[in-house]
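Undergrad: Predicted structure and sequence below. I'll ask about it afterward.
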Amino acid sequence: MKKRLFSGIQPSGDVHIGNYLGAIKNWITLIDDYDCIFSIVDYHAITVEYDPRQMQKRIINAAAVNIGAGLDPDRCILFVQSQVPEHAELTWILNTLTPMGLLERMTQYKDKSRQNEKNVNVGLFDYPVLQTADILLYKGGVVPIGEDQLQHVELSREIARKFNMRYGELFPEPQHLLSDAPRIMGLDGKTKMSKSMDNYISLIEEPGTIWKKLSRATTDENRKRRDDPGNPDICNLYTLHKYFSTETEIDKVNRECRSAEIGCIDCKKILSDNMIKVLAPIREKSLNLMDKPEEVLEVLDAGAKKCQEIARETMGKVRSLMGLR
Ligand code: AMP
Ligand code: TRP
């Protein structure tokens, strides 16, 4: 039997190349080796302020882009978290096993509290416990994520261990899996690429906008003039070349940047052309699906149905181990 794999993505904005390189691309390569469940985690997304009128569209778009990028729903389960109420139920139970002190240490909570000073709600604090419930509800043993989620998966291991010790062996201790691009920086070169910042390239970005965004992106800041030699080792765009350009181009850009044979604009043009080429089929398939929301919803409903069954069974075992009936 294949090991169960679980991961999630928030419907909180445009899916970007950081999500793709850090998570989705990896998910696609793992799809045949594991029994995979992927979730559009809307309960996580409501921990910060959002527009309810936009939520359905965001959920459909997130699903469409994941499928458009290659996440084949015939070979995995794709579903919306809030369609399986057991996520909230298990969260409550796991809350009773989670020391507040552990949650206070979560860097994402600290960052988001700073960014949302007027809305530091209990849900934001409890976010990692909901994430743990997501994984454990399906007995997920493997969790492919970007680096920013490492601390949350470590916490899920601790909570699983606690449950097993207190009530009896039920859950595996989830192991994280990082891709070869665990932390893609934003176009400013300073902060992580993120949906909530104006520093990303969306997976369905228009070709013209890709070029516009890249042409303004930060490179090696020590390179002041065209004739100065550059240092690819500290250039965020050189890092991106590694995921979009050929070996030969990467070598050439590396050499010719150091010798000032090419300038940043030349380097950006090559990157932009390649990125546009790589993203074109993803964009086309995603936009196509967005035009047929009923098809996407059908996939999500079928996914939720399968998840409901697994979740009900797990909750039955949880309740019985805990003496709740
Ligand atoms: P989110 O958009 O926060 O729901 O993230 C979905 C997945 O993408 C998670 O596994 C994140 O760790 C991953 N991810 C988000 N931003 C980045 C980034 N800049 N670089 C690499 N992975 C990322
Ligand atoms: N919190 C994750 C993020 O923002 C998304 C997520 C929710 C997740 N539940 C999960 C990831 C369970 C892995 C496993 O990226």
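TA: On my side now, so go ahead. Predicted model, so just to flag it, every value in this text is computed and none were measured. Residues are numbered from 1 along each chain as shown. Ligands and ions are numbered 1, 2, ... in the order given.

Undergrad: Which residue, other than its chain neighbours, is closest to whichever residue of the chain sits closest to ligand 1?
TA: Residue nearest to ligand 1 within the chain: G22 (2.0 Å; CB to the nearest ligand atom). For every residue, glycine as well, the C-beta is placed using N, CA and C. Leaving aside its chain neighbours, G22 sits nearest to G146 (3.4 Å; criterion: CB to CB, 6 or more residues apart in numbering).

Undergrad: how near is the one you found to H152?
TA: 11 Å (CB to CB, to the nearest Å).

Undergrad: same check, this time on C267
TA: Applying CB to CB to C267 and H152 gives a distance of 36 Å.

Undergrad: Get me the contact residues on the stretch 1-150 of the chain for ligand 2.
TA: Applying CB under 6 Å from any ligand atom, one finds that the stretch 1-150 of the chain approaches ligand 2 through F6, S7, G8, Q10, V41, H44, Q131, D134, I135, V143, I145, Q149.

Undergrad: show me where the stretch 1-150 of the chain has helices.
TA: 17-19, 25-30, 42-45, 52-69, 86-95, 100-104, 107-115, 122-137, 150-167 (DSSP state H, counting those that start in this stretch).

Undergrad: who touches the fifth one?
TA: Applying CB atoms under 8 Å, 6 or more residues apart in numbering, the set of residues contacting helix 86-95 from outside is 43, 81, 126, 129-130, 132-134, 136-137, 159, 163, 308, 311-312, 314-315, 318, 322.

Undergrad: Just the buried residues out of these, in ChimeraX syntax.
TA: Of the contacts of helix 86-95, the buried ones can be selected in ChimeraX as follows, counting by 16 or more other CB atoms under 10 Å:
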select :43,81,126,129,130,132,133,134,136,137,159,163,311,314,315,318
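
Undergrad: Next, see if stretch 134-144 gets close to ligand 1.
TA: No: judged by CB under 6 Å from any ligand atom, stretch 134-144 makes no contact with ligand 1; its nearest approach is 7.1 Å.

Undergrad: What count of nearby residues applies to T191?
TA: Neighbours of T191 under the rule other CB atoms under 10 Å: 11.

Undergrad: next one: P174
TA: Count around P174 with other CB under 10 Å applied: 27.

Undergrad: ditto for V15
TA: Counted with other CB under 10 Å, V15 comes out at 29.

Undergrad: try G18
TA: G18: 24 surrounding residues under other CB under 10 Å.

Undergrad: Would you check that it makes contact with M197?
TA: No: under the criterion of CB atoms under 8 Å, G18 makes no contact with M197, lying 10.4 Å away.

Undergrad: Overlap in contacts, those two.
TA: G186.

Undergrad: Look at S215 and report its pLDDT.
TA: For S215, the pLDDT comes out at 98.
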